[in-house]
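Novice: Quick one: sequence and predicted model below, then my questions.
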Amino acid sequence: MHYTPWGYNVFIMIKSIYMSKLQTSKLFLVSLLILIAGAVVAFMFYNQVGQADISTDSSKSARIALAEEFKGAYDAEIEALGNVLEMDMVAAPSEVEIFNGVKTKVWSYNGQVPGPEIRVKLGDTLKLNFTNNLPQETTIHFHGVRVPNAMDGVPGVTQDPIQPGETFVYEFTPKDSGTYWYHPHVRSSEQVERGLFGTLVVEDDISTKYSQDKLMVIDDWRMDTDKQVDNQFNTPMDLMHDGRWGNVMTVNGKLDEVMQVRPGERLRLRLVNTSNARVYNPVLKGLDAKVIAVDGMYVKEVFDFGSLELSPGNRIDIDVTVPKGAAEQSFDLIDTFSGGEVTLARLVVSSDFVETPEFAYPINPNVPEWVNAAMVSVDKEYRLNARRKAGSGMGMMDGIEWTINDKAYPDYDPFSFKHGEFNKIRFTNESSRLHPMHLHGQFFKVVARNGKPVNEPHFRDTVLVRPSESVDIALVPLDKGKWVNHCHILEHAEAGMMTVVEVK
Ligand code: C2O
Ligand code: CU
């Protein structure tokens, strides 16, 4: 606002100098102009700094208000009620029958793929006596579960890798009810692909009200012609693209998972994507299903199921009632992500109907809106990209590493979150590939895509960042420690796309 008079004054002065035809030396004119220009620049600079001060102030108060808005969304701590579910878990090579009459060699937890479905009640403590009988070192990570840092299963960050023949006790009290899963965090592109994954459900009072509560563990495998897991892992081809996409899809370890339901039944289906790299867009054809939880956490308000992608790591819980008139019909859970329709599983309806259990959707009204998230600056930007690996051949095919801020893990760009405060992170995808970014130990909300504010009515622990897209996430970290933040396309993570953040 002050610029116009200033500029105008300068203009008038120069004009009057010429107009008056004063016999002024060129030198005088030039020094005068320099003086005036200097004054203008100084004034503009002063003004700018002043503005920056003001915006920092308002962003400070916006941050405080945003952190305030988060209060009550979920608890910092949980009181263990004293119930301990203790179980033994062994990771070892075994065989499963995916194809009729064919034994497929896998690595599994307790001999089964998926591994045991662990169910505890909120407030219960899980104690897992784990033995590694694999030919490689391993760990177990409990994806999405807010555990004490030492229980997070990340080698070199939270624990030493568990050597073949060794044991380790994982013990924690989950802080949130919901749908979670577990998998190794060592050579995960190989170990998860070979069959090491399982689910952890933390039940609450609502869980038992449904007619049926069922997991749908969606996985894809790359099998060879003998129906064995293709043992070429982290191929240059997979690394250059969106990781290892398989040629066989299973739900709950089956090619043709069928769920028997009755007309009138109210179902809770918990979808989990345990695939190394494949993204799904699941749709329940012909049924009106609502999303009640994402990545374990209840939504602020339910929304129609069918448009939310299920990236590697993601979970979606849906609430669906089988219509009374649907006797003898069937409904398919399909995937539409890659174009076309691929049937994942089928609901087959019998004829003997039941009364539909009536209760309100289990939502969390305290999920913050964070509409003012745009008012605060980005605390940390993570640029996602790839580069040719140093010392490898000339072509990209000879070796590629995936980077975050030009660093490939175990090298990383360290960053600390402010505990209990509002933090904003930006993922900028500088590559032309998919990156489902997963943050351990915290839940976050997506607050902008490509700089445009969005208001997803739910938390997440994994978000898909599409080619050339930028995604802003916000969180109020409550759980202290060192947590990894990585792409859940396991080949990308293995090739360096991982970093560490610390909550102090
Ligand atoms: Cu399922 Cu480090 O992740
Ligand atoms: Cu990636």
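Specialist: Sure, I can see it. Ligands and ions are numbered 1, 2, ... in the order given.
Novice: Residue of the stretch 51-200 of the chain nearest ligand 2, please.
Specialist: Per C-beta to the ion, residue 189 is where the stretch 51-200 of the chain lies closest to ligand 2, at 11.4 Å. C-beta coordinates here come from the backbone N, C-alpha and C atoms, glycine included.
Novice: So which residues of this structure form helices?
Specialist: Taking DSSP state H as the test, the helices found in the chain are 3-19, 26-70, 188-191, 236-240, 490-494.
Novice: Ligand 2 versus the residue nearest to residue 433 when sequence neighbours are not counted, what's the distance?
Specialist: Nearest non-adjacent residue to residue 433, counting by C-beta to C-beta, 6 or more residues apart in numbering: residue 242, 5.4 Å away. From residue 242 over to ligand 2 the distance is 7 Å, taken as C-beta to the ion, to the nearest Å.
Novice: go on, residue 387?
Specialist: Applying C-beta to the ion, the value for residue 387 to ligand 2 is 14 Å.
Novice: just residue 403 next, same as before
Specialist: To ligand 2, residue 403 is 11 Å away according to C-beta to the ion.
Novice: mind listing what that residue touches?
Specialist: By C-beta atoms under 8 Å, 6 or more residues apart in numbering, the contact set of residue 403 is 383, 384, 385, 386, 387, 496, 497.
Novice: how about residue 164, what does it touch?
Specialist: Residue 164 sits next to 132, 133, 134, 135, 136, 137 when contact means C-beta under 8 Å, 6+ apart.
Novice: isn't residue 86 right up against residue 124?
Specialist: No. Applying C-beta atoms under 8 Å, one finds residue 86 not in contact with residue 124, separated by 10.7 Å.
Novice: The two: which is more packed in?
Specialist: Set residue 86 next to residue 124 and count neighbours by other C-beta atoms under 10 Å: residue 124 wins out with 18 against 11.
Novice: Kindly confirm whether my reading is correct that the more buried one touches residue 87.
Specialist: No. Contact criterion C-beta under 8 Å: residue 124 and residue 87 do not qualify, at 12.0 Å.
Novice: Beta-bridge partners for the residue of the stretch 251-400 of the chain found nearest ligand 2, please?
Specialist: Nearest residue of the stretch 251-400 of the chain to ligand 2 (C-beta to the ion) works out as residue 384 at 6.9 Å. For residue 384, the beta-bridge partners are residue 404, residue 429 (DSSP bridges).
Novice: And residue 120, by the same measure?
Specialist: Going by DSSP bridges, residue 120 forms beta bridges with residue 202.
Novice: follow-up on the earlier one: Serialize the contacts of residue 164 to a markdown table and add fields for neighbour count, distance to residue 501 and pLDDT.
Specialist: Shown next, in a markdown table, are these (neighbours: other C-beta atoms under 10 Å; distance: C-beta to C-beta, whole Å; pLDDT from 0 to 100):
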| residue | neighbour count | distance to residue 501 | pLDDT |
| --- | --- | --- | --- |
| 132 | 24 | 28 | 98 |
| 133 | 14 | 33 | 98 |
| 134 | 23 | 29 | 98 |
| 135 | 9 | 32 | 98 |
| 136 | 16 | 27 | 98 |
| 137 | 17 | 24 | 98 |
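Novice: Could you identify the most distant pair in those?
Specialist: Across these, the longest distance by C-beta to C-beta is 11.8 Å; it joins 133 and 137.
Novice: what ranges do the strands span in the stretch 101-250 of the chain?
Specialist: Assigned by DSSP state E, counting those that start in this stretch, the strands in the stretch 101-250 of the chain fall at 104-109, 118-121, 125-132, 141-143, 167-172, 178-183, 198-203, 212-221, 248-251.
Novice: ok now do the nearest residue to residue 58 once chain neighbours are set aside, which residues does it touch?
Specialist: Closest residue to residue 58 apart from its sequence neighbours, by C-beta to C-beta, 6+ apart: residue 375 at 6.9 Å. For residue 375, the contact set (C-beta under 8 Å, 6+ apart) comprises 58, 59, 62.
Novice: Skip the chain neighbours and tell me the closest residue to the last one.
Specialist: Taking C-beta to C-beta, 6+ apart as the measure, residue 62 lies nearest to residue 375, with 4.1 Å between them; neighbours along the chain are not counted.
Novice: so what does the longest strand seen in the chain touch, helix or strand wise?
Specialist: The longest strand of the chain (DSSP state E) is strand 84-96. Strand 84-96 is packed against strand 104-109, strand 118-121, strand 125-132, with contacts defined by 3 or more C-beta pairs under 8 Å, 6 or more residues apart in numbering; DSSP states H and E.
Novice: Could you list everything the residue in the chain that ligand 1 sits nearest to pairs with in the sheet?
Specialist: At 3.6 Å from ligand 1, residue 143 is the closest residue in the chain, using C-beta to the nearest ligand atom. Applying DSSP bridges to residue 143 gives these bridge partners: residue 181.
Novice: which residues touch it?
Specialist: By C-beta under 8 Å, 6+ apart, residue 143 lies in contact with 180, 181, 182, 183, 313, 438, 461.
Novice: so where's this structure shaky on pLDDT?
Specialist: Applying pLDDT under 70 to the chain flags the ranges 1-57, 392-398.
Novice: For the stretch 401-504 of the chain, what lies in contact range of ligand 1?
Specialist: Counting by C-beta under 6 Å from any ligand atom, the stretch 401-504 of the chain comes close to ligand 1 at 438, 440, 484, 486, 488.
Novice: now do the stretch 1-150 of the chain
Specialist: Taking C-beta under 6 Å from any ligand atom as the contact definition, the stretch 1-150 of the chain meets ligand 1 at 141, 143.
Novice: Repeat the analysis, applying 8 Å as the threshold.
Specialist: Counting by C-beta under 8 Å from any ligand atom, the stretch 1-150 of the chain comes close to ligand 1 at 141, 143, 144.
Novice: count of residues packed around the last one?
Specialist: So the one you mean is residue 144. 32.
Novice: In this structure it contacts residue 182, no?
Specialist: No. The criterion here is C-beta under 8 Å, and residue 144 misses it with residue 182 at 9.6 Å.
Novice: Enumerate every residue touching the closest residue to ligand 2 within the stretch 101-250 of the chain.
Specialist: Taking C-beta to the ion, ligand 2 has its nearest neighbour within the stretch 101-250 of the chain at residue 243, 6.9 Å off. Counting by C-beta under 8 Å, 6+ apart, residue 243 touches 189, 276, 277, 489, 490, 491, 492.
Novice: One more: residue 441?
Specialist: Counting by C-beta under 8 Å, 6+ apart, residue 441 makes contact with 146, 147, 149, 152, 477, 479, 481, 483, 503.
Novice: The chain against ligand 2: which residues are in contact?
Specialist: Neighbours of ligand 2 within the chain, by C-beta under 5 Å from the ion: 435, 487, 489, 492.
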